[in-house]
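Undergrad: dropping the sequence and predicted coords here.
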Amino acid sequence: MTMRLSYGTNGFTDHRLPDALEIIAELGYEGVALTLDHQHLDPFSPGLAERVAQTAAQLERLGLGVVVETGARYVLDPWRKHEPTFLSAEGADLRARLIHDAVDVAVDLGGDAVHLWSGALPPGTSEDVAWERLVSGLAPVLEHAEEAGVRLAFEPEPGMFVSRLDGVRELRARMGDPAALVATVDVGHAVVNEDLPPHECIRAAGDLVAHVQIEDMRRGVHEHLEFGEGEVDVPASLRALLDIGYDGLVSVELTRHAHDAPAVARRSMEALRTALAAAEAAGPSTPSAHRS
């Protein structure tokens, strides 16, 4: 298998989930990054098991792979975006429950990865305390994921406590380098705040790459853009994924384009197909690394 082009349901928030999945598949995507949110498989509403079963059947019928994402803005607190987190002095148990339940949803959907991130450093909280909270809060969730055969794909997010791939490596080291704790690489984020360009970040991460998000961005500006509007070298990034033997989802993440989702998803597929053809024509840049 090789990587599969995918689209995030967080870019289809004005659509019912079944309709979004039909459109995504009809446009030629082979996977979906499914964000658990109040309008798409709300993890805290009654009847979740039945809704997950229905979604699993639809994904199978459409031939879509799936990664479960947990970055919904207000799913835990209607007043505070992305709160609480593992770093919060109060409410961190809610974040842990969300990730725990997301693991179960991933299993039932036939997925093997759950995306998550650290959250922002709370005001007045030291880095030592933040690391302690993150590690201690994540440990039982990671144990649950390991038992379920699911990987936790940790994403460095600009503006959050773990904002770069080096932070993911440090988290893994603090937790004993568990095989089930891996990385989500957001190609645009690498342009925003990593020292290396995205294609070099991908090669440096190697087998840690378990999920990929992709969009265009500009250096130093955390704004998700359509392809061609920023500075991302998409063919080079896809070439790097080919070179490391990546066989997971490459998921378009355009969360603020839901008002025009079908057209944006169509344009994104056209851009990705063109970029992938260029990447394949370019040939390997480095010897390929086998992914086990």
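TA: All right, it came through fine.
Undergrad: beta partners for the residue nearest the centre of the chain?
TA: Most central in the chain under Cα atoms, centre = their mean is residue 115, positioned 4.8 Å from the mean C-alpha point. In this structure, residue 115 bridges to residue 153 when assessed by DSSP bridges.
Undergrad: wait, doesn't it sit right on residue 98?
TA: No - contact criterion Cβ atoms under 8 Å: residue 115 and residue 98 do not qualify, at 11.7 Å. The way it works is simple: take the backbone N, C-alpha and C, and place the C-beta from them, glycine included.
Undergrad: overlap in contacts, the two.
TA: residue 70 (Cβ atoms under 8 Å, 6 or more residues apart in numbering).
Undergrad: quote the end-to-end distance of stretch 72-87.
TA: Stretch 72-87 has an end-to-end distance of 17 Å (criterion: Cα to Cα, to the nearest Å).
Undergrad: about what we covered before: contacts only, for the residue nearest to the centre of the chain.
TA: For residue 115, the contacting residues are 33, 67, 68, 69, 70, 71, 153, 155, 184, 211, by Cβ under 8 Å, 6+ apart.
Undergrad: which of those residues sits closest to residue 205?
TA: Of all the contacts of residue 115, residue 184 has the smallest distance to residue 205: 10.1 Å, by Cβ to Cβ.
Undergrad: give the pairing partners of the helix or strand that contains the closest one; include direction for each.
TA: Taking DSSP states H and E as the criterion, residue 184 maps to strand 181-186. Next to strand 181-186 in the sheet, as set by DSSP bridges, lie strand 151-154 (parallel), strand 209-214 (parallel).
Undergrad: quick one: residues in contact with the shortest one.
TA: Contacts with strand 151-154, where a contact means Cβ under 8 Å, 6+ apart, come from 67, 99, 103, 112-118, 138, 141-142, 145, 162, 168, 171, 180-184, 210-211.
Undergrad: mind saving the C-alpha coords of that strand as PDB?
TA: Extracted as PDB, the C-alpha positions of strand 151-154 are listed here (Å, rounded to 0.1, in the frame of the first residue of the first chain):
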ATOM      1  CA  ARG A 151      -1.700   4.400  18.000                       C
ATOM      2  CA  LEU A 152      -1.900   7.800  19.500                       C
ATOM      3  CA  ALA A 153      -0.700  10.200  16.800                       C
ATOM      4  CA  PHE A 154       0.400  13.300  18.700                       C
END
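Undergrad: next secondary structure element downstream of that strand?
TA: Taking DSSP H and E, what comes next after strand 151-154 is helix 165-174.
Undergrad: off-centre distance for that following helix?
TA: 17 Å (Cα atoms, centre = their mean, to the nearest Å).
Undergrad: and if you look at stretch 155-171?
TA: Put simply, stretch 155-171 sits 13 Å off its chain's centre (Cα atoms, centre = their mean).
Undergrad: tally of neighbours for residue 63?
TA: Neighbourhood size, residue 63 [other Cβ atoms under 10 Å]: 11.
Undergrad: I'd say it and residue 25 touch.
TA: Yes - under the criterion of Cβ under 8 Å, residue 63 makes contact with residue 25 at 7.1 Å.
Undergrad: any idea which helix or strand carries residue 99?
TA: Using DSSP H and E, the element containing residue 99 is helix 92-109.
Undergrad: show me which residues of that helix are buried.
TA: Under the neighbour-count criterion of 16 or more other Cβ atoms under 10 Å, helix 92-109 has 92, 94-96, 98-107, 109 buried.
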